[in-house]
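K.L.:
Any chance you could fold what I've pasted below:
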Amino acid sequence: MTISLRLSEEDSILIKEYASLKQMTVSDLVRQSVMEKIENEFDLQCFNKAMAEHKQNGKTYSLGEVEKELGL
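P.N.:
Model (predicted):
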């Protein structure tokens, strides 16, 4: 699949130079950057959900309690 992207000349040069510095193609750089952004957004959503659940429950466990529960 091909995706087009409009950039200013300045941004285009910066991206190409950065990709070259990292010894990557522009395509690989853009793909990796977008995938990392999506992953970070997903991680943040999971964190926010977990924090909301924690605030409702409020129960926490010490490391010792977890180890005992798991038989470690």
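K.L.:
Which single helix of the chain contains the most residues?
P.N.:
If you go by DSSP state H, the chain has its longest helix at helix 26-57.
K.L.:
Could you give me the buried positions within it?
P.N.:
For helix 26-57, the neighbour count (16 or more other Cβ atoms under 10 Å) marks L29 as buried. Every residue, glycine included, has its C-beta placed from N, CA and C.
K.L.:
which secondary structure elements does that helix contact?
P.N.:
Applying 3 or more Cβ pairs under 8 Å, 6 or more residues apart in numbering; DSSP states H and E, one finds that helix 26-57 contacts helix 9-21.
K.L.:
Name the next helix or strand following the longest helix of the chain along the chain.
P.N.:
Sequence order places helix 63-70 as the next helix or strand after helix 26-57, per DSSP states H and E.
K.L.:
Nearest residue to the middle of this structure?
P.N.:
N40 (2.4 Å; Cα atoms, centre = their mean).
K.L.:
any idea of the mean pLDDT in stretch 59-66?
P.N.:
For stretch 59-66, mean pLDDT is 92.
K.L.:
How about residues contacting that stretch?
P.N.:
Outside of stretch 59-66, the residues within contact range by Cβ atoms under 8 Å, 6 or more residues apart in numbering are H54, E69, L72.
K.L.:
go again using 6 Å as the cut-off
P.N.:
Contacts to stretch 59-66, defined as Cβ atoms under 6 Å, 6 or more residues apart in numbering, come from no residue at all.
K.L.:
Give me the distance between the two termini of that stretch.
P.N.:
Distance between the two ends of stretch 59-66: 13 Å, counting by Cα to Cα, to the nearest Å.
K.L.:
and E17, how far is that from V26?
P.N.:
10 Å (Cβ to Cβ, to the nearest Å).
K.L.:
What of G58?
P.N.:
48 Å.
K.L.:
returning to what we had before: let me know the pLDDT of the residue nearest to the centre of the chain.
P.N.:
With respect to pLDDT, N40 has a value of 98.
K.L.:
Find the nearest non-adjacent residue to D28, please.
P.N.:
A19 (7.4 Å; Cβ to Cβ, 6 or more residues apart in numbering).
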